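need a structure here:
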Amino acid sequence: MLAQTPEITEIILAAAEKARQETRDAPDHPRLSRLRWPQECTIGPGLEGAIACETKIGYVNGAKGWLVYRGYDIFELCAYSTFEEVSYLLLHGDLPSVDELAEYKRKLTRYQHLNQTLRLLVSFPVEEMNAMGALRMGTIFMRQEFTTMDREGGRPAVDDAIGADEDSIAMETKPFGEEHAIYEFKARRRSRRKSAAMDASGMEACYHLIAGVATITAAIARVRRGLLPIEPDPELSFAANLYYMIHGRRPTPFQERILDICLILHADHGMNASTFAALVVASTLSDFYLSIGSGIAALSGPLHGGANEQVINTLREIGSSAGVSNWMHMAMVKKKKISGFGHRVYKAYDPRARVLGPLAAYGIERSTPEIINLFDTARELEKQVLRSFGTEKKIFPNVDFYSGIVYSRLGISPALFTPLFAVSRVAGWTARVLEYLHHNRIFRPRAMYVGEFDRHYVPVDQR
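Down below sits the predicted model:
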């Protein structure tokens, strides 16, 4: 695939060089050692700024515009690697050998076969559901098909539990809590069940989820168009299979490479809402399927997922590049948020957008008139937003600004944009859950009580 698309590799390397030139004066990342707990930090509402754990999986430098997976720069991974290699890297910590990669690919292809899961899924009115709702349901069906967790004998043993509220008592003590909790219990490793069912909290479950969520997403795409799901092709790569299961035809090398890069770019991105949701559920010693389902549920919210769909809606609302100035004026008067711009972390150009923008432009003249118009409108909107806010307020395009155009060029409808995000992010979710469970502590932040005291019960007939 890479050998067939050298021009795309050159586009990514050029984007990397431009990023280095534009951010060479920004501070590099600090060299951090292991944390000594407890940590003091400034925390805002919604736990903003809180340090919840250590990680070796992903790093974001917002000032520099860097995104790093396991020490590898995202530009280098997009230029030379594949989603199979990157997802393996996130899970295992190192890039795979030739034999490891071959075995991993075989497992992903095998786990993409979800016959019973898809039978259950298509028995529901998927065509009437939103795609993320159907995806959440599909992961539950996958859990039922391949594990025993929903059977009575599959419930976690009570004596495997860690104290919940007791385990948080130390942190309730002012000012910083005791060194250790007053009541603290150690979790025992669950014994492996002698069953053909898959271990719901092990590495194979991670593989299964990465493969299965892709199959379910492709099936949803087809059922929503009145078509039946199709089986994966064992000869294809992960990205090519995803395209094939959505469209029913093999992608061109260009289409395969572009989709593969999109999967790499979305695979992990710090302690965002969906990653945190997955970790919170996993910290209770629930299983991976429910933990990843929680990530999908968090991604369903419009403040987390769906911004690239809204970008397409905005571009259609503007109508053409000639309409950008008038639209921008009205948006500024109304103080309207412009989807696809700005990021809570990045104060430089989002590195993912640096890749996706040129990819959206590549060969655009061969696209449909509608997509050409969307792209021209996006380019003009970017110019005007940067002119108005880029230098002073550090507002630049984020990953969502061009990803919708890229997906549209691949024939993917806006309703599938967020499920595709989930297909990729399962790699990051599962990797971070695996990592966290090695030093697990159940999440238990505090809420500051600001209510009343000394109220007394009044019988209902006297109120």
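
low-scoring stretches of the stretch 1-150 of the chain, by residue?
Per-residue confidence of the stretch 1-150 of the chain (counting by pLDDT under 70) places the weak regions at 29-32.

Tell me which stretches of it form helices.
Counting by DSSP state H, counting those that start in this stretch, the stretch 1-150 of the chain has these helices, from start to end: 6-22, 74-80, 83-92, 98-111, 115-122, 131-146.

which one of the ones you listed lies closest to residue 243?
Counting by C-beta to C-beta, residue 243 lies closest to helix 83-92 out of those; the figure is 12.1 Å. Heads up, the C-betas are built off the backbone N, CA and C, glycines and all.

helices or strands next to the closest one in the packing?
Helix 83-92 makes packing contacts with strand 66-69, helix 98-111, helix 203-223, helix 238-247, helix 253-265, helix 417-437 when contacts are defined by 3 or more C-beta pairs under 8 Å, 6 or more residues apart in numbering; DSSP states H and E.

and these as JSON lines, adding mean neighbour count and distance to residue 315?
Listed next are the helices and strands packed on helix 83-92 as JSON lines, based on neighbours: other C-beta atoms under 10 Å; distance: least, C-beta to C-beta, whole Å:
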{"stretch": "strand 66-69", "mean neighbour count": "23", "distance to residue 315": "25"}
{"stretch": "helix 98-111", "mean neighbour count": "15", "distance to residue 315": "35"}
{"stretch": "helix 203-223", "mean neighbour count": "24", "distance to residue 315": "22"}
{"stretch": "helix 238-247", "mean neighbour count": "24", "distance to residue 315": "23"}
{"stretch": "helix 253-265", "mean neighbour count": "24", "distance to residue 315": "18"}
{"stretch": "helix 417-437", "mean neighbour count": "25", "distance to residue 315": "13"}
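
can I get these in CSV with distance to residue 339?
Converted to CSV, the helices and strands packed on helix 83-92 look like this (distance: least, C-beta to C-beta, whole Å):
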stretch, distance to residue 339
strand 66-69, 21
helix 98-111, 33
helix 203-223, 22
helix 238-247, 24
helix 253-265, 18
helix 417-437, 12
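
and residue 369, which of the ones you listed is closest to it?
helix 253-265 (19.5 Å).

pLDDT averaged over that closest one, what's the number?
Mean per-residue pLDDT for helix 253-265: 98.

closest to residue 56 out of the helices and strands packed on helix 83-92?
Closest of the helices and strands packed on helix 83-92 to residue 56 is helix 417-437, at 7.0 Å (criterion: C-beta to C-beta).

hang on, the earlier thing: mind checking the helices and strands packed on helix 83-92 for the one nearest to residue 129?
Of all the helices and strands packed on helix 83-92, it is helix 203-223 that lies closest to residue 129, at 8.4 Å by C-beta to C-beta.

tell me what the closest one is packed against?
The elements that helix 203-223 packs onto, with contact taken as 3+ C-beta pairs under 8 Å, 6+ apart, are helix 83-92, helix 98-111, helix 115-122, helix 131-146, helix 238-247, helix 288-299, helix 417-437.

got the ones you listed as JSON lines, with distance to residue 228 columns?
Converted to JSON lines, those look like this (distance: least, C-beta to C-beta, whole Å):
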{"stretch": "helix 83-92", "distance to residue 228": "26"}
{"stretch": "helix 98-111", "distance to residue 228": "20"}
{"stretch": "helix 115-122", "distance to residue 228": "8"}
{"stretch": "helix 131-146", "distance to residue 228": "15"}
{"stretch": "helix 238-247", "distance to residue 228": "11"}
{"stretch": "helix 288-299", "distance to residue 228": "23"}
{"stretch": "helix 417-437", "distance to residue 228": "18"}
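
The helices and strands packed on helix 83-92: which one's closest to residue 410?
helix 253-265 (5.8 Å).

returning to that earlier point: okay if I get the helices of the stretch 1-150 of the chain as CSV plus distance to residue 221?
What follows is the helices of the stretch 1-150 of the chain, written out as CSV (distance: least, C-beta to C-beta, whole Å):
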stretch, distance to residue 221
helix 6-22, 24
helix 74-80, 24
helix 83-92, 18
helix 98-111, 19
helix 115-122, 12
helix 131-146, 8
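
so who does residue 150 touch?
Counting by C-beta atoms under 8 Å, 6 or more residues apart in numbering, residue 150 makes contact with 143-144.

Outline the domain layout of this protein.
Under the assignment automatic domain parsing, the domains of the chain span 84-303+421-437, 307-409.

so who does the closest residue in space to residue 311 that isn't next to it in sequence touch?
When the adjacent residues along the chain are set aside, residue 311 lies closest to residue 340, with 4.1 Å between them (C-beta to C-beta, 6 or more residues apart in numbering). Under the criterion of C-beta under 8 Å, 6+ apart, the contact partners of residue 340 comprise 307-308, 310-311, 314, 397-398, 400-402.

and which of these is nearest residue 330?
Of all the contacts of residue 340, residue 314 has the smallest distance to residue 330: 12.1 Å, by C-beta to C-beta.

State the number of residues packed around the closest one.
Counted with other C-beta atoms under 10 Å, the neighbours of residue 314 add up to 21.

in terms of contact, does it touch residue 339 like I think?
Yes - the pair residue 314 and residue 339 passes the contact test of C-beta atoms under 8 Å, sitting 5.5 Å apart.

before we move on, the earlier item: list just the nearest of the contacts of residue 340 to residue 209.
After measuring those against residue 209 - C-beta to C-beta - the closest member comes out as residue 308, at 22.8 Å.

And for the closest one, the neighbour number?
As a burial measure, residue 308 scores 27 neighbours (other C-beta under 10 Å).

Verify the contact between it and residue 415 for me.
No - at 11.5 Å, residue 308 and residue 415 do not qualify as touching, with contact defined as C-beta under 8 Å.

List the contacts of the nearest residue to residue 425 once chain neighbours are set aside.
Leaving out its chain neighbours, the residue that sits closest to residue 425 by C-beta to C-beta, 6+ apart is residue 266, at 5.8 Å. With C-beta under 8 Å, 6+ apart as the criterion, the residues that contact residue 266 are 352, 399, 420-421, 424-425.

6 Å instead?
421, 424-425 (C-beta atoms under 6 Å, 6 or more residues apart in numbering).

Looking at those, which is nearest residue 387?
Minimum separation from residue 387 among these (C-beta to C-beta) is found for residue 421, which lies at 29.5 Å.

okay, now the nearest residue to residue 39 once chain neighbours are set aside: neighbour count?
Nearest-residue entry for residue 39: residue 51, 5.0 Å, with adjacent residues in sequence omitted and distances by C-beta to C-beta, 6+ apart. For residue 51, the neighbour count with other C-beta under 10 Å is 14.
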